[in-house]
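Colleague: Need a 3D model of the sequence below.
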Amino acid sequence: MRKKATLITGAAGEVGQALVERIAEQNNTHVISMDIKPLPPELDAKVQHIVGDILDEALFARLVSEYDITHIYHLAALLSTRAEYSPMLAHSVNVGGTMQLLQLAAEQSEWKREPVIFIFPSSVAAFGMDTLENKAENPRPQEWEWNKPITMYGCNKLYGETLGIYYSNHYKQLAEDEPTMLDFRCVRYPGLISAFTVPSGGTSDYGPEMLHAAAQGKAYESFVREDAAISFMAMPDAVTSIIQLANAPRENLTRRIYNITAFSLSAEEFAGYVKKHFPDAEITYKPDVNRQRIIDSWPIDMNDNAARRDWGWKPKYDAEKAFSEYLVPNIRKRYEK
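Modeller: Alright, predicted model coming up:
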C-alpha cells in the first residue's frame, strides 16, 4: 500500500522554505519537498527532499508509484525579473511544469477516485492596468477583472490559473464516464516581504531594499516613483494563507481563484515606515522607466472579500505590525555587529 504524502515543489525558495517548516511541524503527513537546489540542513532533516527538475517526467512517475500524493503545493517557478530575460525558459518551467503536475494530479485523482488538492500560488502580476487613470479608478479589482498582464511571469501565472480550472471542471469532458476531478485552489499573492531573505531584484523589491539598506546605514535610490502604490504581505501570512485554503471545506469555496492581500502602500508611505524605525535612512527616487511601467500595471490593492467570506482569510500583519513585530526586529538583528 502506498504511503500518503504531501508534495511541495519549489521548496528551496522563500515561500517554499517557510511552508516546509510549517507543514513539517504539523507532523500529520509525510512531506516530499522538491527543488533544483538542496534545502538548508536544518530543513532537510525534517522532510524527504529531492533535488530534481520540475520537467522530469520519470522522476514524477517514480514518486507516484511509491506514494499516494494527497496534496500538491506547486511553488516552483521562474520569477518575474528572470522571466523577462528568458521568456522561453519561463514558459517551459512556469507553464510546462504546471501542466505536468496538473496532469499527474488528474491521473492520481481518477485512479484513486479521490481529488488531489492542488494549491497554486499565483500573483498580482496576473493583472494588467492599462493606464494610471484606470489604476486610480479601479483600486481593488476582483479576480476576473483587468486580467491583461504585461509580463511573461504574469502571463504564465494567468495561464496556470486557467489550466487549473480546466483540470478541475472540464478534464475529459468528452469521455463517456465522468472522471474524479482534482481540486485546484489558487491564491493571487501581492508583493511578498520576508525578514529572513535578502531582496533579489524582483519588481516589488524596492520596498524590502529600502529596509535592508536602512538597517545597514546605506543610502537607497528607489527605482519607482514616490507615488507608485501596490499591495504587500508579510511572509508568515503568505504561508498561512495557502495552508488555510488547503484545509478549507470544498463546499465553502465559491471559486478556484482567490485574491488575498494585507496592506497597500505607496513607495513614499513604505519609506515613511522605514524612517520611523531608522530615522537616519536616506531614500531618494530615480524611476527606472521599464520597471516603473510594470509596477504601474499592477493594481493599488486587490479585492479579497471572497477569501475572507469563504475560508476566513484575515492577515495577521497589517503595515504597522509587519514593520514593528516582524520585519524591523529580524532585519535589524541580521546586520547587528
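
Colleague: In contact with Pro208, which residues?
Modeller: Ile193, Ser194, Pro199 (CB atoms under 8 Å, 6 or more residues apart in numbering). Any C-beta I mention is one placed from the backbone N, CA and C, and that applies to glycine too.

Colleague: Could I get those in TSV, plus columns for secondary structure and neighbour count?
Modeller: Shown next, in TSV, are the contacts of Pro208 (DSSP: H, G, I helix; E, B strand; the rest coil; neighbours: other CB atoms under 10 Å):
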residue	secondary structure	neighbour count
Ile193	strand	27
Ser194	coil	20
Pro199	coil	17
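
Colleague: Next, format the residues you listed as JSON lines and append distance to Phe232.
Modeller: Supplementary listing: these in JSON lines, determined by distance: CB to CB, whole Å:
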{"residue": "Ile193", "distance to Phe232": "6"}
{"residue": "Ser194", "distance to Phe232": "11"}
{"residue": "Pro199", "distance to Phe232": "13"}
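
Colleague: Flag the shaky bits of the chain, pLDDT-wise.
Modeller: Judged against pLDDT under 70, the low-scoring parts of the chain cover residues 337.

Colleague: could you point out the longest helix in it?
Modeller: Ordering each helix of the chain by length in residues (DSSP state H) puts helix 152-169 first.

Colleague: for that helix, which positions count as buried?
Modeller: Neighbour counts using 16 or more other CB atoms under 10 Å place 152-161, 163-164, 167-168 of helix 152-169 among the buried residues.

Colleague: Quick check: phi and psi at Met210.
Modeller: With angles defined as degrees, to the nearest 10, Met210 sits at phi -60, psi -50.

Colleague: Same list (the buried residues of helix 152-169) but as a markdown table, adding distance to Tyr335.
Modeller: As requested, these are exported to a markdown table (distance: CB to CB, whole Å):
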| residue | distance to Tyr335 |
| --- | --- |
| Met152 | 34 |
| Tyr153 | 30 |
| Gly154 | 33 |
| Cys155 | 37 |
| Asn156 | 35 |
| Lys157 | 33 |
| Leu158 | 38 |
| Tyr159 | 40 |
| Gly160 | 37 |
| Glu161 | 38 |
| Leu163 | 42 |
| Gly164 | 40 |
| Tyr167 | 45 |
| Ser168 | 45 |
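
Colleague: tell me which of those is nearest to Arg62?
Modeller: Tyr167 (22.0 Å; CB to CB).

Colleague: Can you give me the distance of that closest one to Leu192?
Modeller: When CB to CB, to the nearest Å is applied, the distance between Tyr167 and Leu192 equals 26 Å.

Colleague: does Phe184 have beta-bridge partners, and which?
Modeller: For Phe184, the beta-bridge partners under DSSP bridges are Phe118.

Colleague: For it, give me its contacts.
Modeller: Applying CB under 8 Å, 6+ apart, the residues contacting Phe184 are Leu102, Phe118, Phe120, Gly164, Ile165, Tyr167, Ser168, Arg256.

Colleague: biggest separation within those residues, which pair?
Modeller: The distance between the two most remote of the contacts of Phe184 (CB to CB) is 12.2 Å, for Leu102 and Arg256.

Colleague: who does the helix or strand hosting Tyr73 pair up with?
Modeller: Here Tyr73 sits within strand 67-74, counting by DSSP states H and E. Looking at strand 67-74 with DSSP bridges, its partner strands are strand 3-9 (parallel), strand 117-123 (parallel).

Colleague: next one: the helix or strand just after the last one to chain centre, how far?
Modeller: Downstream of strand 117-123, the next assigned helix or strand under DSSP H and E is helix 132-137. From the chain centre to the centre of helix 132-137 is a distance of 25 Å (CA atoms, centre = their mean, to the nearest Å).

Colleague: From here on, call the first residue 244.
Modeller: Let's use 244 as the start, then, which means that last one is helix 375-380.

Colleague: Which other helices and strands does helix 375-380 contact?
Modeller: Secondary structure elements in contact with helix 375-380, counted by 3 or more CB pairs under 8 Å, 6 or more residues apart in numbering; DSSP states H and E, are helix 532-540.

Colleague: which secondary structure elements does the helix it packs on contact?
Modeller: Taking 3+ CB pairs under 8 Å, 6+ apart as the contact cut, helix 532-540 packs with helix 375-380.

Colleague: can you pull the buried residues of the helix it packs on?
Modeller: Neighbour-count burial for helix 375-380 flags Lys378 (criterion: 16+ other CB under 10 Å).

Colleague: export it as PDB, just CAs?
Modeller: Coordinates of each C-alpha in helix 375-380 appear next as PDB, following Å, rounded to 0.1, in the frame of the first residue of the first chain:
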ATOM      1  CA  LEU A 375      -2.700  55.200 -14.400                       C
ATOM      2  CA  GLU A 376      -6.200  56.700 -14.600                       C
ATOM      3  CA  ASN A 377      -7.800  53.200 -14.700                       C
ATOM      4  CA  LYS A 378      -5.500  52.100 -11.900                       C
ATOM      5  CA  ALA A 379      -6.700  55.000  -9.700                       C
ATOM      6  CA  GLU A 380     -10.400  54.400 -10.700                       C
END
